[in-house]
Structures are given as C-alpha cells and as structure tokens.
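K.L.:
Output the structure for:
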Amino acid sequence: ENWLAKEDVGASLDGVEALIKRHEDFDKALITQEEKIASLQEFANQLIQARNYDAAAVAERRAAVLARWSKLKAALVARRSKLGEAQSLQQFTRDADEAEA
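P.N.:
Presented below is the predicted three-dimensional model:
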C-alpha cells in the first residue's frame, strides 16, 4: 500500500517503464490474493450465518478487510493511470528532443 501512495512516476522513459514493470508485478501478486480474500469473505459469511457467538466482530472485521481491499485496488488503478500519463509525457519529451537534434 505504501508503494502505491508514492508520487514518483519516473524522471525518464526508462524510469517510467521500470515503474510500470514493477506495478505489473505487484498487480500479479494482488491477483493471487483475490482468491484468499474471496475465501475469507465466504468463511466470515458462514460464521455470521451460523450465528457464531462473535458474529458482530466477524462482520466488522470482514467489512474492514473488504474496505481495505477495495481501497488498495482503487489505488492500483489510480497509480497505473498516473504511470501511463507519465509514460506518454516521457515519450513525447524524448521524441521532441530527437526532433530538435
């Protein structure tokens, strides 16, 4: 989560592309976590439906985990968008420099 909050979008085209690669690797890691989150949610639902003695705490914890997960996924999308914009800008800058040379 801390990595997604960073404002660094690279100072060159190579830098941006390296950050995009790192972002894609992070995205792949999150995809593997998606199944764990779904399993956790299902287990929490079962406990709540079975009227577990601590169902209220389970529901609260489930909501917190799902909210954090949702926030993480939204941050991932926003970061990818910023990196895409930075890549376009760096590509333009490089092309303009080459045209002026």
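K.L.:
those helices in the chain, which residues are they?
P.N.:
2-5, 13-49, 55-100 (DSSP state H).
K.L.:
Point out the other elements, helices or strands, that the first one touches.
P.N.:
Counting contacts by 3 or more Cβ pairs under 8 Å, 6 or more residues apart in numbering; DSSP states H and E, helix 2-5 packs against helix 55-100. C-betas here are computed from N, CA, C, even on glycine.
K.L.:
Reformat the helices of the chain into a markdown table and put mean pLDDT and mean neighbour count next to each item.
P.N.:
Shown next, in a markdown table, are these (pLDDT from 0 to 100; neighbours: other Cβ atoms under 10 Å):
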| stretch | mean pLDDT | mean neighbour count |
| --- | --- | --- |
| helix 2-5 | 73 | 11 |
| helix 13-49 | 93 | 13 |
| helix 55-100 | 94 | 13 |
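K.L.:
ok, now which ones touch the residue lying closest to A44 once chain neighbours are set aside?
P.N.:
Spatial nearest neighbour of A44, excluding adjacent residues (Cβ to Cβ, 6 or more residues apart in numbering): R62 at 3.9 Å. Residues in contact with R62 (Cβ atoms under 8 Å, 6 or more residues apart in numbering) are L40, Q41, A44, N45, I48.
K.L.:
cool, L40 as well?
P.N.:
R62, V65.
K.L.:
do you know how far the closest residue to D27 other than its chain neighbours is from K28?
P.N.:
Among residues not flanking D27 along the chain, L76 sits closest, at 6.3 Å (Cβ to Cβ, 6+ apart). Here L76 is placed at a distance of 11 Å from K28 (Cβ to Cβ, to the nearest Å).
K.L.:
Go ahead and flag the most central residue of this structure.
P.N.:
L76 (2.7 Å; Cα atoms, centre = their mean).
K.L.:
Surely it touches L4?
P.N.:
Yes: with contacts counted by Cβ atoms under 8 Å, L76 reaches L4, the gap being 6.1 Å.
K.L.:
so what sits against both of the two?
P.N.:
F26.
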